[in-house]
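> My questions are about this predicted structure, shown below with the sequence.
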2 protein chains.
Amino acid sequence: MTKTIGKRTLIFPSRPSVNGFYSVVGEKEAQGPLKDWFDLTIGEGHFGEDSWEKAESKLIETATMGAIEQSKLSLTDINCFFGGDLLNQCISANYALRSLQIPFLGLYGACSTMAESLIAGSVFLDGEFGKNVICSTSSHFCSAERQFRFPLEYGGQRPPTAQWTVTGSGACVLSKTGEGPYITHATIGKVIDAGITDLNNMGAAMAPAACHTLCAFLEDTNTTPQDYDKIFTGDLGSIGKDLLRQLLSDNAITAENLEDCGDLIFDSETQDTHAGGSGCGCSASVLNSYILKQMKQKKLKKILFMATGALMSPTSSLQGESIPAIAHLVQIEI
Amino acid sequence: MTKTIGKRTLIFPSRPSVNGFYSVVGEKEAQGPLKDWFDLTIGEGHFGEDSWEKAESKLIETATMGAIEQSKLSLTDINCFFGGDLLNQCISANYALRSLQIPFLGLYGACSTMAESLIAGSVFLDGEFGKNVICSTSSHFCSAERQFRFPLEYGGQRPPTAQWTVTGSGACVLSKTGEGPYITHATIGKVIDAGITDLNNMGAAMAPAACHTLCAFLEDTNTTPQDYDKIFTGDLGSIGKDLLRQLLSDNAITAENLEDCGDLIFDSETQDTHAGGSGCGCSASVLNSYILKQMKQKKLKKILFMATGALMSPTSSLQGESIPAIAHLVQIEI
């Protein structure tokens, strides 16, 4: 017997509980539609540090400490940290863990990392390897631009399909027991590559992976989108979300209750963010504010959270490779 | 009750079993002292591909398929792949998973990834979330040099403390049941930064992390190094290994049976590899050949495998940061 349902969806009989969560975002995110939901705004992008990378690392550290405080635990109560980020060699998380001093299993799932960390953390707790873990990730517009695209000073034009990397981090404390919200199921994604090569159209690259994982989950659990209050994708943006709807429709699935964290976090019309937000910190900050707060308020009782990641690098793209993508899904209930 | 012993060492009561393992290495590794232990040598570094990065990706894919074949399973029997690599955005693993089509949880632990994958995989199996998983990682001298150091054509001089990135990959199939070797215990590392800033002296940066994890494990289990046939560190190299001995001695611990994968894989005198081998593929290829084969032959019955990772990036180093490091430990028995 394994704790699975259908072909590959995991079930967590012990129902790991989100006992604390915290979000911290940049100035632009704090001017968007979700401004009243975030816990902390850092103002200017350096967050008191002398580089954007160090600022991003401080974002993870701040979100982690906020979540621990909210859960009324202390650092020494945390058995493991599950997380990572978009920067080369995941330095945002690595340097945050230098001061946090929690046992650390580093993850890389690009923008799917928040969901990946919830899965790895739930597997750890449900297997009885600890009582409390941290799940967290981050991104920063400025550190991402210079690593993946161009120096900010260059002022490159962005096509309408481009997304805007969110400056932000979200973290939550998952515990063996608690009052919820609870992680009940998860589907680990496979790498799906639909042949997209346009680095300015991540939504198109990731939508097929989102469709693949969601279809696998619905089939495994014998449910439909209507069985959930909302389905939140990670950061498909407006274009990717429309494409996902189209792909689902090709599979005879209708999901009126589909929302996307990248679509929610900015007002593209007034904030010049084109197809919406992206980056690990996008779904992390939206989950650990807007979504989980609504669950605590019982406005949402049963949701699917599916973060999506584009798994290329600038090197693989220069070598002509298309963009592989992945989507990890967790079911959260209260 | 949690499945831990002491402060933070995990125990795996179900004893996940290594049911298949495979190693594939480059030409230089196949000329070293362990040449008779590896399963496959790729000869020229491109392995039939048109870039070193694609060759590295093929290394993971080849090692994975080899391990699956050895375990007499097929791809569809594998519930999850745990792994990653050193390349930016872990493209070696990401692109390998595109063709393998196994549910994928990407890890980043730099050169500690082989041990990290064994821990994550054992947690998954012991928690009853599946029957078989793959644990794997890779590195490639040429892709690592151009990403972390200089173009090969530049022909930069290397100081005596420098290590040589191993071209290679190792993979194993861990299963819920089998004839062993078995994973029995694990200690997840914390990030330790001793303030080393010299990128050409990774052994010095990683030795303190290795000492920290080994001391935690020995204290938790109330054992001494003499309780194990061998203790294999990941890729400290000759200098890091001597430093680790010194640090252990400062903690009143003697470990005559300490060996290092980076020290074992090359003959520094004749192969011009200075302080020894490094890279994720170093401990991965040595574990999945020399070490596990000796365990199968009962020449080694109880060992500790502790892979070490340096968690900086070229960006963090340029920004003046020191090198944080981590070491993950697993106990393997037959």
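Right, received. Where do you want to start? The model shown is predicted, which means the values in this text are computed figures rather than measured ones.
> From here on, just use CA atoms for contacts and neighbour counts.
Fine.
> contacting residues around A:Glu219?
A:Gly6 (CA atoms under 8 Å, 6 or more residues apart in numbering or on different chains).
> Next one, pLDDT for it please.
Looking at A:Glu219, its pLDDT is 98.
> what do you get for the one 4 residues further on?
If you check A:Thr223, the pLDDT there is 98.
> ok, it to A:Ile5 distance?
As for A:Thr223, its distance to A:Ile5 is 12 Å (criterion: CA to CA, to the nearest Å).
> So which of those two has more stuff around it?
A:Ile5 (17 against 12; other CA atoms under 10 Å in any protein chain shown).
> what is that one paired to in the beta sheet?
A:Thr9 (DSSP bridges).
> At the contact with chain B, which residues of the stretch 101-250 of chain A appear?
A:101-110, A:116, A:123-124, A:126-131, A:188-193 (CA under 8 Å from any CA of the partner chain).
> For the stretch 201-334 of chain A, just list every one of the strands.
Listed in chain order, the strands of the stretch 201-334 of chain A (DSSP state E, counting those that start in this stretch) span A:230-233, A:258-260, A:277-278, A:302-310, A:325-333.
> which of these is buried the deepest?
Mean neighbours per residue, mean count of other CA atoms under 10 Å in any protein chain shown, is largest over the strands of the stretch 201-334 of chain A for strand A:277-278, with a mean of 32.
> mind giving me the domain split of chain A?
A:4-175, A:182-333 (automatic domain parsing).
> Same list (the ones you listed) but as a markdown table, adding distance to B:Asp272.
Formatted as a markdown table, the domains of chain A follow (distance: least, CA to CA, whole Å):
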| stretch | distance to B:Asp272 |
| --- | --- |
| domain A:4-175 | 27 |
| domain A:182-333 | 29 |
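> Between these, which one is closest to B:Ser278.
domain A:4-175 (15.9 Å; CA to CA).
> State the mean pLDDT of the closest one.
Mean predicted confidence for domain A:4-175 is 97.
> mind checking the end-to-end distance for it?
End residues of domain A:4-175 are separated by 21 Å (CA to CA).
> Check stretch A:157-172 too.
With CA to CA, one end of stretch A:157-172 sits 36 Å from the other.
> now swap in stretch A:272-287 and tell me
OK, stretch A:272-287 end separation, CA to CA: 23 Å.
> Quick check: mean pLDDT of it?
97.
> Enumerate the positions of that stretch that are buried.
By neighbour count with 16 or more other CA atoms under 10 Å in any protein chain shown, stretch A:272-287 contains the buried residues A:273-287.
> quick revisit: looking at the domains of chain A, which is nearest to B:Ile60?
domain A:182-333 (14.9 Å).
> Look through the stretch 201-334 of chain A and state the residue closest to chain B.
A:Ser313 (5.6 Å; CA to the nearest CA).
> check contacts around that residue.
A:148, B:88-89, B:91.
> Closest to B:Ser136 out of those?
Among the contacts of A:Ser313, and counting by CA to CA, the member closest to B:Ser136 is B:Ile91, at 13.6 Å.
> sorry, back to before: got a quick PyMOL command for the buried subset of the contacts of A:Ser313?
Those of those that count as buried under 16+ other CA under 10 Å are selected in PyMOL with:
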select buried, chain B and resi 88+89+91
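> Break down the stretch 1-150 of chain A into its helices, ranges please.
A:52-70, A:91-100, A:113-126, A:141-148 (DSSP state H, counting those that start in this stretch).
> how big is the angle separating the first one from helix A:141-148?
I take that to be helix A:52-70. Counting by axes from the mean of the first three to the mean of the last three CA atoms, to 10 degrees, helix A:52-70 lies at 130 degrees to helix A:141-148.
> if we can go back for a sec, need the contacts of A:Ser313 in CSV with distance to A:Lys54, can you?
Listed next are the contacts of A:Ser313 as CSV, based on distance: CA to CA, whole Å:
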residue, distance to A:Lys54
A:Phe148, 17
B:Asn88, 18
B:Gln89, 19
B:Ile91, 24
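> ok, back up a step: got a quick PyMOL command for the buried subset of the residues of the stretch 101-250 of chain A next to chain B?
To isolate the buried members of these in PyMOL, using 16+ other CA under 10 Å:
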select buried, chain A and resi 101+102+103+104+105+106+107+108+109+110+116+123+124+126+127+128+129+130+131+188+189+190+191+192+193
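> Identify those among the residues of the stretch 101-250 of chain A next to chain B that sit within strands.
A:104-106 (DSSP state E).
> quick one: which of the contacts of A:Ser313 is nearest to B:Lys58?
Scanning those for proximity to B:Lys58, where the rule is CA to CA, the winner is B:Ile91, at 11.1 Å.
> hang on, the closest one packs against A:Ser316?
Yes: applying CA atoms under 8 Å as the test, B:Ile91 and A:Ser316 come out as touching, 7.3 Å apart.
> what touches both of these two?
With CA under 8 Å, 6+ apart, B:Ile91 and A:Ser316 have common neighbours B:Glu53.
> Around A:Arg98, count how many other residues there are.
So A:Arg98, with other CA under 10 Å, has 18 neighbours.
> how close does the closest residue in space to it that isn't next to it in sequence sit to B:Gly106?
Of all residues not flanking A:Arg98 in the chain, B:Val191 sits nearest, at 5.0 Å (CA to CA, 6 or more residues apart in numbering or on different chains). Separation of B:Val191 from B:Gly106 (CA to CA): 19 Å.
> got it, and A:His274?
From A:His274 to B:Gly106 the distance is 29 Å (CA to CA).
> Same question for A:Gly281.
17 Å.
> and A:Gly240, what is it in contact with?
Contacts of A:Gly240 by CA under 8 Å, 6+ apart are A:202-204, A:206-207.
> can you check A:Ile68 too?
Taking CA under 8 Å, 6+ apart as the test, what A:Ile68 contacts is A:20-21, A:74-75, A:172-173.
> Is it possible to get JSON lines of these that adds neighbour count?
Formatted as JSON lines, the contacts of A:Ile68 follow (neighbours: other CA atoms under 10 Å in any protein chain shown):
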{"residue": "A:Gly20", "neighbour count": "25"}
{"residue": "A:Phe21", "neighbour count": "29"}
{"residue": "A:Ser74", "neighbour count": "11"}
{"residue": "A:Leu75", "neighbour count": "14"}
{"residue": "A:Cys172", "neighbour count": "32"}
{"residue": "A:Val173", "neighbour count": "29"}
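> want to try TSV for those residues, with distance to B:Phe38 as columns?
Converted to TSV, the contacts of A:Ile68 look like this (distance: CA to CA, whole Å):
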residue	distance to B:Phe38
A:Gly20	48
A:Phe21	47
A:Ser74	47
A:Leu75	43
A:Cys172	43
A:Val173	43
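> Just list the residues touching A:Ser289, thanks.
Contacts of A:Ser289 (CA under 8 Å, 6+ apart): A:21-23, A:37-39.
> Please flag which of those sit within strands.
Reading strands off the contacts of A:Ser289 with DSSP E, I get A:21-23.
> if I look at the closest residue to A:Pro151 other than its chain neighbours, how far off is chain B?
Ranked by CA to CA, 6+ apart and with sequence neighbours excluded, the top spatial neighbour of A:Pro151 is A:Glu145, at 6.7 Å. Applying CA to the nearest CA, to the nearest Å, the value for A:Glu145 to chain B is 14 Å.
> and A:Glu145, how many neighbours?
14.
> measure stretch A:46-60 end to end?
Terminal residues of stretch A:46-60 lie 14 Å apart, using CA to CA.
> List the buried residues for that stretch?
Buried residues in stretch A:46-60 (16+ other CA under 10 Å): A:46-47, A:52-60.
> Would you check which pair of those lies furthest apart?
Longest span within those, CA to CA: A:His46 and A:Ile60, 13.7 Å.
> residue contacts, A:Met206?
By CA under 8 Å, 6+ apart, the contact list for A:Met206 reads A:236, A:240, A:308-310, A:324-327.
> what's the distance between it and A:Asp235?
Counting by CA to CA, the gap from A:Met206 to A:Asp235 is 9 Å.
> quick one: common contacting residues for these two?
Contacts common to A:Met206 and A:Asp235, judged by CA under 8 Å, 6+ apart, are A:Thr308.
> For A:Asp242, give me the pLDDT.
98.
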